[in-house]
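Colleague: Give me a 3D structure for the following:
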Amino acid sequence: MRKTAYAMSIMLASISLGCSVRGVVTSVPPRIFREVHGLRVRSYQITPVSEDLRGYKAIEVHQLENLMLDQIPESSVQRLNLEVKKGLRSLKNFELITDASDSQSPQRDATNSSAVDVAVDRSRSVLVLDGYIDDYTPGIPKLRYIEQGNNHAVLTVRIQLKDKQTTRVLGEINITVENTRVTSNVERMVEKTGKEVVSFVDWSTSHYTTRKEAARYVQQ
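Modeller: Numbers count the residues shown, from 1 in each chain. From the prediction side, this is the model:
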């Protein structure tokens, strides 16, 4: 009789645990994972881009706000911002690219020579790109060898696309890049993060993304 009661209690506990775990899993927003050349990318859209942003031909780029303060080297912060700006200039989506931190004249897309007079037209809709560095750890190289690469270097950014006139958020995404190699290179991780940010902007402004298609850009 005692054995039967004990077995029944274990069964009920297992069912209860399964339900609670299933409830936690279903409450987590959908995430997309990719891994290329030892760099693991995890991303999920906080505010899916569900409007047609192809009409924006001007973009204002802001420096990413560093919430990690002195925990991340200033050289890595500068490199990340540089990679984002460099990547945006290689796109054909915009006729005018403005660096918000630059007091000089706006920079235009060198691939489009017809944009010479665009700076004069201030009535044109302007897209704003800004965001935050939310997390950073370089990992510990010595432990990485002991743990067979599991002591990862990690960089997380949160990126927003906004309409400059209304300040309305049109899209927001969280991107995490991990360097999973034993010989982890932080600079490669920073460079990859910059490219992921540019990829998000490129997809969002070159396609009309309906709600069903909002997360598909990371699979391209």
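
Colleague: Correct me if wrong: residue 153 contacts residue 135.
Modeller: No - if you go by Cβ atoms under 8 Å, residue 153 and residue 135 don't touch, sitting 11.1 Å apart. (C-beta placed from N, C-alpha, C; glycine too.)

Colleague: Looking at these two now, which is surrounded by more residues?
Modeller: More crowded of residue 153 and residue 135, by other Cβ atoms under 10 Å: residue 153, with 23 against 16.

Colleague: mind checking the backbone torsions on that one?
Modeller: Residue 153 adopts backbone torsions of phi -90, psi 140, taken as degrees, to the nearest 10.

Colleague: Residue 67 too?
Modeller: phi -80, psi -10.

Colleague: could we number from 15 for the rest of this?
Modeller: That works, and once the first residue is 15, the last one we named lands at residue 81.

Colleague: can you count the residues close to it?
Modeller: Neighbours around residue 81, by other Cβ under 10 Å: 15.

Colleague: What confidence value was assigned to it?
Modeller: Predicted confidence (pLDDT) for residue 81: 95.

Colleague: Against residue 142, how distant is it?
Modeller: Separation of residue 81 from residue 142 (Cβ to Cβ, to the nearest Å): 19 Å.

Colleague: With residue 114 instead?
Modeller: Residue 114 is 8 Å from residue 142, by Cβ to Cβ.

Colleague: Residue 210 now?
Modeller: 19 Å.

Colleague: my read: residue 77 touches residue 115, true?
Modeller: Yes - taking Cβ under 8 Å as the definition, residue 77 is a contact partner of residue 115 at 5.3 Å.

Colleague: more neighbours, the two?
Modeller: Per other Cβ under 10 Å, whichever of residue 77 and residue 115 has more neighbours is residue 77, with 16 against 10.

Colleague: Next, that one: secondary structure please.
Modeller: Classification of residue 77 using DSSP: H, G, I helix; E, B strand; the rest coil returns coil.

Colleague: Do a quick rundown of the strands in this protein.
Modeller: Along the chain, the stretches classed as strands by DSSP state E are 46-50, 53-61, 72-75, 79-80, 110-113, 121-122, 140-151, 167-177, 183-193.

Colleague: Throw the ones you listed into CSV and include distance to residue 200, thanks.
Modeller: Output for the strands of the chain, formatted as CSV (distance: least, Cβ to Cβ, whole Å):
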stretch, distance to residue 200
strand 46-50, 17
strand 53-61, 11
strand 72-75, 23
strand 79-80, 15
strand 110-113, 25
strand 121-122, 28
strand 140-151, 9
strand 167-177, 5
strand 183-193, 7
